[in-house]
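Asker: Mind looking at a prediction? Sequence and model below.
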Amino acid sequence: MNFLDEPAAISDFLRSLHGVSAVAVDTEFMWQHTYRPIPALLQFSSGGRTALIDATRLEDAEALRILLEDRDTLKILHSCEQDLLVFHMLCGGRISPVFDTQVAHAFSGGPLQASYAKLAAELLGLTIEKDEQNSDWLRRPLTDKQLAYAANDVLHLEAAQASLVQRLKASGRAAWFKEESRRFDTADIYNTDKPEDTWLKLSFAPFLTRKDLPLARELCAWRESTAVKVDLRPRRLLTDDQIGDIVRHKPATLQALAQTPEIHEKVMKRHGAEILAVLDAAAKLPLDNLPPLPISDRLDKTMKDKFDAFAKDLDAAALEVKLDPSLLASRGRLRAAMAAWLAGQPYVEPQGWRAEILMPVYQRHLPK
């Protein structure tokens, strides 16, 4: 295992991987208060060669992009979505093709959220220590324990992938897994919400009045855009609850805005006037062209038994095909489908391999 922190050595190693048939990949990053994760370490292992790369010293982004986008090189990761975003930030590339061992494990009959340590124990009989998982990856120098932990995250992925390929073949689910893995090739996984659409994620969005909708929408758009500019998580500026309070009370002065529960003094000092300006402009927007409110997925007590029966039927269908129910559909997706059906609106139907299993369940409980 080599730790590389010289730009030339990093470039040479990445280019030496060009053309390999498969490479195990992982990242370590810090993501506490910033809008975007801060890349700290990149781990690669292929054919017995393992290197840990100081992400803060990467200069040859093109060498990284070529490796990640080479469709003849299989990239093996575990629970890969955040790693894909980190790599995309570093080089603008989209990793393809991807073999996610967590997803493959689920298709071979395991739980959807199985950890890498669990896979290593189950598939390879190895014990992987996770003591350093939440350590400071931007600290330099990294400790020997950190380096060993980071190396272990890729050292055994190739062997785990080979074992999972055999399990997928034995289970007859290889085609389903291949179809599911195509989502990692789409732009959707790299897209973030448009600032003007972030209000739709508010838990109270379905219950906004026509007068309050523009305020909530414009305030959420301001929060998202500002968070990008100052590189802070949006909730560090205003929480959803604070947005709800501001929309309800409609403060017109800094003194009134300061009464928002737990609003931070720095936010008031740096952005108070901006927030008031956003509210003032939003209040003047015409109300004749507002977007529709999202459908609430809150089900009243009278529908609880019906939803429970729907969920139970899905669990039975998952048991029959020996898959984790969450891999078929989350409870949130079921609630959204039932809420749309109750509102007389079309619901999102299961697609692809899921349709074969789930459409009979949906049709029994949500008949058209």
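Answerer: Nice, I can see it. Residues are numbered from 1 along each chain as shown.
Asker: Low-confidence regions, the stretch 251-368 of the chain specifically.
Answerer: Scanning the stretch 251-368 of the chain for pLDDT under 70 picks out no residues.
Asker: Show me where it has its strands.
Answerer: Here the stretch 251-368 of the chain has no strands by DSSP state E, counting those that start in this stretch.
Asker: Which parts of it are helices?
Answerer: 254-257, 265-283, 301-321, 325-328, 331-342, 353-365 (DSSP state H, counting those that start in this stretch).
Asker: Out of those helices, which gets nearest to residue 112?
Answerer: Residue 112 sits nearest to helix 325-328 of all the helices of the stretch 251-368 of the chain, at 4.7 Å, using CB to CB. Every C-beta, even on glycine, is put in place using the N, C-alpha and C of the backbone.
Asker: ok, and what's touching the closest one?
Answerer: With CB atoms under 8 Å, 6 or more residues apart in numbering as the test, helix 325-328 has contacts from 106, 107, 112, 113, 314, 315, 317, 318, 350, 354, 357, 358.
Asker: For the closest residue to the last one other than its chain neighbours, give me its contacts.
Answerer: Right, residue 358. The shortest distance from residue 358 to any non-neighbouring residue, by CB to CB, 6 or more residues apart in numbering, is to residue 350 (4.0 Å). Contact analysis of residue 350 by CB under 8 Å, 6+ apart lists 328, 329, 357, 358, 359, 362.
Asker: Quick one, which of those residues are buried?
Answerer: 328, 329, 357, 358, 362 (16 or more other CB atoms under 10 Å).
Asker: Make TSV out of those residues and add distance to residue 29.
Answerer: Listed next are these as TSV, based on distance: CB to CB, whole Å:
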residue	distance to residue 29
328	31
329	30
357	36
358	35
362	38
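Asker: and which of those residues is nearest residue 241?
Answerer: Of all the buried ones among the contacts of residue 350, residue 329 has the smallest distance to residue 241: 29.0 Å, by CB to CB.
Asker: Please report the distance of that closest one from residue 349.
Answerer: Using CB to CB, to the nearest Å, residue 329 is found at 11 Å from residue 349.
Asker: Residue 286 now?
Answerer: Taking CB to CB as the measure, residue 286 falls 35 Å from residue 349.
Asker: So which of those two has more stuff around it?
Answerer: The neighbour comparison of residue 286 against residue 349 (other CB atoms under 10 Å) goes to residue 349, with 14 against 7.
Asker: For the stretch 1-150 of the chain, just list every one of the strands.
Answerer: For the stretch 1-150 of the chain, strands defined by DSSP E, counting those that start in this stretch occupy the ranges 2-4, 22-30, 38-46, 49-54, 74-77, 98-100.
Asker: That concludes my questions; thank you for your assistance.
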